[in-house]
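A.B. asks: fold the following.
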Amino acid sequence: MKHKLLWEFPHSLDTDRLVIRKYEEGDGEKYFALFERNNNRKELEEHVDEAKSVKTAEQAEIRIREHEAEWVARKRLVLGVWLKETEECVGQIWIEPNKWEVPAFELGYFIDTGYQRRGLALEASIRALQFLFEDLNAHKAIIITQDTNEKSWKLAERLGFMKEAHFRESHIKDGKRWGMFHYGMLRDEYRTTFKD
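C.D. replies: Below is the predicted model of the structure:
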């Protein structure tokens, strides 16, 4: 099998309404704006590390450049979700290699709260799955989400992922307990769901 650093694959993925692309130098300002509007920072702080750690436009630009380095090293593929019409950053997709030898990848996502209920998360996630199974030749895609994050696990199920495990009340913070759902989709399941 070819070494992961030698793999070539697209840096930009299009859908009808979206461009899902690798972050580039200079994207920090729009990335920062994403967390600052529509109560996104508060809504995402339990689920997305950057919602807590990126407090300035400069920190956002640093984070963008860290994402670029992760991409080059094939440690994590983080893509911004941009509206074609306005070029506004409205979300993020991230793909984390779980096991390159399988190959299996974890998929994560979020969409600006001001743009939810428009099918953008579904549209972006379907395109991300196409990237995973057709460009990265994944055998398996994985979604891991808190059992309290109903929007996330409902999207996983709508995409056709199978619930493989529920680690009940496995986490606690400030006296509040929650568990984790683990979902999986195999290549043949992807083909059946999206190619037939």
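
A.B. asks: just the helices in this protein please.
C.D. replies: Applying DSSP state H to the chain gives helices spanning 28-36, 40-44, 49-53, 57-73, 120-130, 150-159, 187-194.

A.B. asks: out of those, which comes closest to residue 88?
C.D. replies: helix 28-36 (7.1 Å; CB to CB). The C-beta positions use only the backbone N, C-alpha and C, and glycine is treated the same way.

A.B. asks: just the angle for that closest one relative to helix 57-73, thanks.
C.D. replies: Orientation check (axes from the mean of the first three to the mean of the last three CA atoms, to 10 degrees): helix 28-36 against helix 57-73 gives 110 degrees.

A.B. asks: so which helix or strand of this protein has the lowest pLDDT on average?
C.D. replies: helix 49-53 (a mean of 84; mean pLDDT, DSSP states H and E).

A.B. asks: list the helices and strands that one packs on?
C.D. replies: helix 40-44, helix 57-73 (3 or more CB pairs under 8 Å, 6 or more residues apart in numbering; DSSP states H and E).

A.B. asks: distance between it and the chain's centre?
C.D. replies: 15 Å (CA atoms, centre = their mean, to the nearest Å).

A.B. asks: which positions in that helix come out as buried?
C.D. replies: 50-51 (16 or more other CB atoms under 10 Å).

A.B. asks: find the nearest non-adjacent residue to residue 120, please.
C.D. replies: Leaving aside its sequence neighbours, residue 120 sits nearest to residue 111 (CB to CB, 6 or more residues apart in numbering; 5.2 Å).

A.B. asks: confidence score at that neighbour?
C.D. replies: pLDDT, residue 111: 94.

A.B. asks: residue ranges with poor pLDDT in the chain?
C.D. replies: 1-2, 196 (pLDDT under 70).

A.B. asks: centroid-wise, who is the farthest residue in it?
C.D. replies: Distance from the C-alpha centroid of the chain peaks at residue 175, with 28.1 Å (CA atoms, centre = their mean).

A.B. asks: now it. Its backbone dihedrals?
C.D. replies: Note on residue 175: its backbone torsions stand at phi 80, psi 0 [degrees, to the nearest 10].
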